[in-house]
Structures are given as structure tokens and as C-alpha cells.
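Q: Could you work out the structure for the sequence below:
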Amino acid sequence: MTGGAAPPPALAWLQALREPALVLDWDLARWEHVIRLARRLRLLGRLAQAVCAADLLPKVPAPAARHLQAELRYATWRSDGLAWVLERLPAMLGEVSYPLVLLKGAAYMGQGLAIGRGRLSSDVDMLVPIEHIADAHARLLGAGWQETALDAHDQRYYRDWSHELPPMQHPLHGLELDLHHNILPPVARTHVDASMLLARLQPSRWPQWQVLAPQDQVLHSAAHLFHDSELRDRVRDLVDLDGLLRHFGATPQFWGGLVERASALGLHESLALALHFCTQWLGTPVPLAALADAQRRGLSRAKARWLLPLLQAVLWPTDPDQLPSRNQALAARTLLLRHHLGRMPLGLLLPHIWHKLRPGGARVASN
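A: So this is what the prediction gives:
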């Protein structure tokens with residue numbers, strides 16, 4: 001048996017990403033609402049892809065069809081640009097003895113996953129072993145990639161306390177490149193042994209690139225969402241998780257080790273939260289045994305009572321014609337405080353916040 005509740009009515013339109021024939025029942029007012037909301041949530045390209053792949057575009061009202069066509073062209077242009085960069089990056093790096101690992105959207109494209117179609121990607125996320133990150137960084141600089149200009153404090157933040165180096169850009173590419181050595185900061189309360197991820201890499205459709213193992217991709221996606229500082233309008237991340245769970249969950253052995261893997265990596269809370277919202281909001285089919293085990297290991301009842309309502313308030317998409325409520329704003333501030341307290345020890349966090357908030361300082365870094 002599997003868990004997976006019927007999605008709340010306000011999120012029912014998300015089912016059209018998997019069952020595009022549902023859009024045939026939408027009137028023009030419904031289309032207007034969904035298009036505006038989906039665009040803000042960066043899901044309009046996914047919806048356009050689903051509708052066009054099902055050959056339903058001619059049956060969509062003309063005003064809505066124009067928006068879908070335009071968004072699909074834009075998403076295709078972005079995807080083509082990402083593929084162009086990924087196919088050329090290994091040559092820029094030259095012969096290396098260490099693995100080059102695609103993360104997130106780049107990894108979905110590298111595997112040809114359905115969730116990568118119509119997805120808007122703004123950056124390239126790649127991971128290399130920490131002992132080789134200086135070499136990869138130097139090679140990228142030599143190939144024309146340039147670091148974002150940062151002061152000495154922010155340089156130290158990235159190099160000593162973060163899981164990635166400062167963002168890089170290339171004069172020929174519109175995409176930002178984030179060079180990682182881990183998926184969470186090494187100084188964070190929840191941190192991951194990257195060598196465990198590197199030990200289970202799998203090939204992608206590009207011979208030079210590898211990807212994380214299926215279970216690790218799910219856990220990375222969950223950690224990326226629930227350890228981030230900004231949770232508003234992040235339904236797309238839940239849609240990604242839903243797609244990963246449906247795709248990899250079709251293999252029986254996937255579920256048997258997912259909860260154990262989460263515990264081994266220290267990501268049991270992230271998994272419990274991901275499965276909770278995916279099953280409750282998107283109807284993601286999850287075996288009841290895996291769901292119960294994840295909840296038991298990842299969330300105590302006491303913690304669930306205060307954390308789940310906060311996350312629900314912030315993650316819930318605001319209507320296009322409304323501003324976030326006071327409840328959402330308060331929940332967002334509370335979760336932002338929780339994020340920073342979990343990201344760095346107080347001895348590092350307080351000087352870091354002082355540096356960012358003093359006159360002339362930038363906002364608190366939260367990559």
C-alpha cells in the first residue's frame with residue numbers, strides 16, 4: 001500500500017503536470033489564474049511542456065495557448081543553453097583525474113528525466129571532491145570563467161564555511177556556475193560526508209559527467225529545499241521531489257534503502273518533511289512503511305506540531321492578487337532565524353551577521 005492524499009483544491013492544478021487532459025475542463029478565468037501563478041512559481045514551462053507533449057495545445061483557449069507557446073520557447077532556449085554549456089565544460093576543464101558531478105537541474109537533464117523538460121534553469125551546479133576543488137577552480141578561471149566580486153569576509157565565508165565557492169560567470173554564457181564540494185555547509189548543524197555521495201556515483205548521458213545515486217538525488221533535493229533561507233514560492237522544489245520519487249520509486253529496491261540512506265547521511269528530517277508535503281500536497285505515491293519509518297526517524301511529534309504549520313504557511317503559494325499574510329510573514333521570519341541558527345555556530349554566525357548588516361554591508365549570505 002502507498003500513502004498519497006488527494007491534493008488540496010487550491011493545488012489541484014498541479015495534477016495537470018502529470019495528467020494534462022485535466023486542462024480541457026478549465027475555463028478562461030481558470031487559465032488566467034493558473035498561468036499567473038505558475039509563472040511566478042517557475043512551473044509554467046513544465047505545464048506548457050505537458051500540454052504540448054499531449055497534443056492538447058489546439059484545444060486550449062487561444063489567449064492561454066499563446067502564453068504556453070511563449071513559455072515553452074523560452075524554456076527550450078534556456079535548456080538548450082544549459083546543454084550547450086554542459087557539453088563544453090569538460091573540454092574547458094581539460095583532462096582531470098577526479099569525477100565531475102552534475103547536481104539538480106543539470107543532473108535531471110543529464111539523465112533525460114521528465115522533470116527536466118520545460119524546467120527553467122538559471123545556473124549550472126557541479127560538484128567535485130573537496131581535495132580537487134582548487135584545481136577545478138583554477139582550470140575554470142583559466143577557461144574564462146570569472147568569480148563574483150566579493151570582499152574579504154565573503155571570500156572567507158565561501159572558502160571556509162560554505163559548501164561551494166563564489167558563483168562564477170563566463171562572458172559567453174548567461175548561466176551562473178556554482179562549484180560545489182558538498183551539498184550542505186561543513187559548519188552547519190546538519191552536514192553531510194561528501195565521500196559517501198562520491199562513493200555511489202552513476203553515469204549520465206554525457207560520458208564526462210556523473211550524477212548522484214537515485215536515493216542521494218532525492219535527499220539532495222530535500223536538503224536543498226528544507227535547509228534554504230527562502231522558502232516562499234518553492235512549490236517547484238516539491239514538484240521536483242514528486243517527480244524524482246515517482247521516477248526512481250518505480251524501482252522496488254529504491255524504497256527499501258531510502259530511509260536508511262537518509263539516516264546514514266544525517267538527512268532524515270529533510271526526508272520526513274519532503275515525504276510529508278509531497279504526499280499531502282501532490283499525492284505522491286509512497287509506500288506506507290517507508291512513510292511511517294521516515295516520519296518516526298525524522299520528526300518527533302513535538303517538533304512536528306510547531307515546524308509543520310510554519311513550513312505549510314510559508315510554502316503555500318500566495319494568490320497572484322494577494323500579498324503574503326501576516327501569518328506567512330511571521331512564519332517566514334521564524335524559519336529564517338531557524339535557518340541561520342542551523343547553518344553556522346553562534347561564534348561564526350554573530351560576526352557574520354554583524355558584517356552583513358553594518359552600513360555598507362551586503363545582505364546575509366544564504367547560498
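
Q: now the end-to-end length of stretch 183-197.
A: 9 Å (CA to CA, to the nearest Å).

Q: If you count neighbours, what's buried in it?
A: Using 16 or more other CB atoms under 10 Å as the test for burial, stretch 183-197 gives Ile183, Leu184, Pro185, Val187, Ala188, Thr190, Val192, Ala194, Leu197. Where you see a C-beta, it was placed from the backbone N, CA and C, and this is true even at glycine.

Q: again with stretch 112-127
A: Buried residues in stretch 112-127 (16+ other CB under 10 Å): 113-121, 123-127.

Q: sorry, back to before: now for the buried residues of stretch 183-197, which pair is the farthest apart?
A: The most widely separated members of the buried residues of stretch 183-197 are Val187 and Leu197, with 18.1 Å between them, by CB to CB.

Q: what's around Met92, how many residues?
A: Here the count is done by other CB atoms under 10 Å, and Met92 has 14 residues near it.

Q: That one contacts Ala143, correct?
A: Yes: judged on CB atoms under 8 Å, Met92 makes contact with Ala143 at a distance of 3.7 Å.

Q: who touches Arg73 in this structure?
A: For Arg73, no contacting residues are found, by CB atoms under 8 Å, 6 or more residues apart in numbering.

Q: Which SSE is immediately downstream of the lengthiest helix in the chain?
A: Longest helix of the chain, by residue count under DSSP state H: helix 62-93. Next helix or strand after helix 62-93 toward the C-terminus (DSSP states H and E): strand 101-102.

Q: what does that following strand contact?
A: Residues outside strand 101-102 that contact it (CB under 8 Å, 6+ apart): 86, 107, 109-110, 125-128, 197-198, 201, 204, 209-212.

Q: quick revisit: what's the lowest-pLDDT member of the buried residues of stretch 112-127?
A: The member of the buried residues of stretch 112-127 with the lowest pLDDT is Ser121, at 82.

Q: Spatially nearest residue to that one (excluding sequence neighbours)?
A: Spatial nearest neighbour of Ser121, chain neighbours left out: Gly105 (4.0 Å); criterion: CB to CB, 6 or more residues apart in numbering.

Q: Next up, the contacts around that neighbour.
A: With CB under 8 Å, 6+ apart, Gly105 has these contacts: Leu82, Gly116, Arg119, Ser121, Asp125.

Q: ok, of those residues, which one's closest to His276?
A: Lowest distance from His276 to the contacts of Gly105 (CB to CB) belongs to Arg119, with 23.5 Å.

Q: I am finished for the moment; much appreciated.
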